[in-house]
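> Next input, structure requested:
(one chain, ligands or ions: 1)
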Amino acid sequence: MMPTDFQIVELGDPRLRELAKPVHAEQMAYAQEVAEAMAYWMKERGGVGIAAPQIGVSLQMMIIASRPNNRYPDAPEMEPMLMLNPEPKTFSDRLVSLWEGCLSVPGVRGKVTRPDAVGVEYMDQSGQSRLIELKGFPARIFLHEYDHLIGKTFVDRVASVQDLVTDKVYFEQILST
Ligand code: NI
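Predicted coordinates:
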């Protein structure tokens, strides 16, 4: 399959509401094709993360790919990390509110409060089980993408609809202040 055989799924599509299924060992060849399509679309749309349900695949897969950006100039530049069957295990008590966007919710931003750090158990593409502690922007990306695996998007996480704004307002009125 080609990456463009998959398409970005947007808010309102029921596929974004499903609970994604675990990736099994015998699916690894297909999972690799899905991962390639996820990487393609993430790059094509300039995202810092993507989850399989966002290209219409109900599997527990995500890529996180932090890089410095105008909201987080100190964000680490990391090699895109593919995580299969990720499970958040521990959360920091410290919470942080940040504006998020999503490839599946074009043109809208939302202010979301989440833990600043998360400990994650996941499987890498060789089938190896791994543990990682994510802090700051990578933790934020992980928690956003994990929501996609449990049928949620950032619009479910805002405290109030007042915390939803358009890109235009975000870039012209919020980011500049
Ligand atoms: Ni998203």
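
> Which residue is the nearest non-sequential neighbour of the most centrally placed residue in the chain?
Centroid check for the chain by C-alpha atoms, centre = their mean gives Glu145 as the closest residue, at 2.5 Å. Nearest residue to Glu145, sequence neighbours excluded (C-beta to C-beta, 6 or more residues apart in numbering): Met62, at 4.0 Å. No exception for glycine: its C-beta is placed from N, CA and C like everyone else's.

> what's the residue nearest to the centre of the chain in contact with, if anything?
By C-beta atoms under 8 Å, 6 or more residues apart in numbering, the residues touching Glu145 are 49-51, 62-64.

> same thing but at 7 Å, please
For Glu145, the contacting residues are 49-51, 62, 64, by C-beta atoms under 7 Å, 6 or more residues apart in numbering.

> Tell me the secondary structure at it.
Judged by DSSP: H, G, I helix; E, B strand; the rest coil, the three-state class of Glu145 is helix.

> Model confidence for Asn70, exactly?
Each residue has a pLDDT score; the one for Asn70 is 69.

> Quick check: pLDDT value at Gly101.
95.

> Only the buried residues of the longest helix along the chain, if you could.
For the chain, the helix with the greatest residue count under DSSP state H is helix 28-44. Residues 31, 34-35, 37-42 are the ones in helix 28-44 that count as buried (16 or more other C-beta atoms under 10 Å).

> Reformat the residues you listed as JSON lines; add pLDDT.
As requested, the buried residues of helix 28-44 are exported to JSON lines (pLDDT from 0 to 100):
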{"residue": "Ala31", "pLDDT": "96"}
{"residue": "Val34", "pLDDT": "98"}
{"residue": "Ala35", "pLDDT": "98"}
{"residue": "Ala37", "pLDDT": "98"}
{"residue": "Met38", "pLDDT": "98"}
{"residue": "Ala39", "pLDDT": "97"}
{"residue": "Tyr40", "pLDDT": "97"}
{"residue": "Trp41", "pLDDT": "97"}
{"residue": "Met42", "pLDDT": "95"}
